[in-house]
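[1] Have a look; sequence and predicted model below, questions after that.
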Amino acid sequence: MKALVYRGQQGLVVEEVADPEPAAEEVLVKVRYCGICGSDVSLFAKGVFFLGTTPGHEVSGEVVSLGSDVSGWQPGDRVVVEPSKTCGQCEYCLAGRPELCLQPEGFGMGIRRGAFAQFLTCHHSTLLRVPPGLDLAHAALAEPLSVAVHAVDVSGIEAGQAAVVTGAGPIGLMMADVLAGEGEHLADALLLEDADHHLAAVNRDPSAASLADLVRSEAGLGVHAVFECTGVPEAANPALGLLRPGGIMLVVGHSEKPYTMSSLMVMARELRIEGVFGGGGRFPAALDLLAAGKVRSQEIITRIAPLAETEACLRELNDARNHGKVLIDPWAT
Ligand SMILES: [Zn+2]
Ligand SMILES: [Zn+2]
């Protein structure tokens, strides 16, 4: 099969490699699409992919064959794959926080071959069925969308409360869609209908007064939750300033640079800051949202490219020449 292999100085090279064989508890999946994640972009930019590995973890595809101990799946079944198999036994798994599992086994992030390749082997317990009628390209958004669903869970936001999403990349747009999808619960004060506009305000000038003014005119004391999806350190403090007393900022985007925040603001208003990592087991909810057409998938997916163009796409995303979700189709030429 064809796979993209990281070769250090030479970058990401399309190579012919042996077709993988599923182990006893594994399934062989024909990859149809694999999204480029923000983490792929930053790992590539820093040159810290493992040598000889194949990245890619936002995958949709079709079952090809089953390991000897697997049942319940048929060749041709349309699936998405959770990129991390949790141990189910550590203190975090037992506490219902699988995203913090102490012994996760994953593909596409470490040594194990990921899905920028024509086939993928994965543990059967990580497969989820794609609902009928949901396009496999759109289904490939399930992994990042599960992060957005998880973030909304963590925020604890309730009916009638207002929220702001900063960052109109794929996660930010999906976050807005998840919140809008809960519209019946999250009533009128919601400011997310025009997430792009809010982002523009934060990104263009992190200290822009316009967003703060807008929040104040629409939501009085401020919003209950800010979903910080820019990962721009300078955006953090202005984002905190949008919160009403007792509000929460979810750190969804990330940066290696430290964020500078006003401790006085956090202290005096009893603000909370919480991180969000991974999908927290919310893949099924993400698939439901995609199948129900509640996510602007068409707008979020800006490009579908063949394997050979992956590196160019990573550079485009890193230079912010493309702000959307790029899917790799390993069968396209
Ligand atoms: Zn991802
Ligand atoms: Zn665990």
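    Thanks, I have the structure now. Ligands and ions are numbered 1, 2, ... in the order given.
[2] how about the most centrally placed residue in the chain, what does it touch?
    Compute the mean C-alpha point of the chain, and by Cα atoms, centre = their mean the closest residue is Pro144, 2.3 Å away. Applying Cβ atoms under 8 Å, 6 or more residues apart in numbering, we find Pro144 in contact with Gly35, Cys37, Glu58, Pro170, Ile171, Met174, Lys325. Glycine gets a C-beta too; all of them are placed from N, C-alpha and C.
[3] same thing but at 7 Å, please
    If a contact means Cβ atoms under 7 Å, 6 or more residues apart in numbering, then Pro144 has Gly35, Cys37, Glu58, Pro170, Ile171, Met174 as its contacts.
[4] Flag every residue of the stretch 101-250 of the chain that's near ligand 2.
    Applying Cβ under 5 Å from the ion, we find that the stretch 101-250 of the chain lies next to ligand 2 at Cys101.
[5] number of nearby residues for the closest residue to ligand 2 within the stretch 101-250 of the chain?
    The minimum distance from the stretch 101-250 of the chain to ligand 2, using Cβ to the ion, falls at Cys101 (3.2 Å). Neighbouring residues of Cys101 were enumerated by other Cβ atoms under 10 Å; the total is 20.
[6] list the contacts for Val31?
    Residues in contact with Val31, defined by Cβ under 7 Å, 6+ apart, are Val59, Gly61, Ala115, Ala117, Gln118, Phe119, Leu120, Pro330.
[7] any low-confidence regions in this protein?
    181-211, 214 (pLDDT under 70).
[8] Residue ranges of each domain in it, please.
    What automatic domain parsing lists as the domains of the chain is 2-141+295-329, 154-275.
[9] Redo these as CSV? Include distance to Leu289.
    Below are the domains of the chain laid out as CSV (distance: least, Cβ to Cβ, whole Å):
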stretch, distance to Leu289
domain 2-141+295-329, 6
domain 154-275, 6
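[10] ok so, going back, just checking, which of the contacts of Val31 belong to strands?
    Val59, Gly61, Phe119, Leu120 (DSSP state E).
[11] before we move on, the earlier item: closest to Leu271 out of the contacts of Pro144?
    Ile171 (21.7 Å; Cβ to Cβ).
[12] where does whatever residue of the stretch 151-300 of the chain ends up closest to ligand 2 land in three-state SS?
    Of all residues in the stretch 151-300 of the chain, Gly281 sits closest to ligand 2, at 11.6 Å by Cβ to the ion. Secondary structure state of Gly281, per DSSP: H, G, I helix; E, B strand; the rest coil, is coil.
[13] List phi and psi for it.
    In terms of degrees, to the nearest 10, the main-chain angles of Gly281 are phi 80, psi 20.
[14] about what we covered before: mind giving me the ChimeraX select for the ones in strands among the contacts of Val31, buried ones only?
    Buried members of those, defined by 16 or more other Cβ atoms under 10 Å, are picked up in ChimeraX with:
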select :59,61,119,120
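[15] got CSV for the ones in strands among the contacts of Val31, with distance to Val295 too?
    Shown next, in CSV, are these (distance: Cβ to Cβ, whole Å):
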residue, distance to Val295
Val59, 17
Gly61, 20
Phe119, 27
Leu120, 24
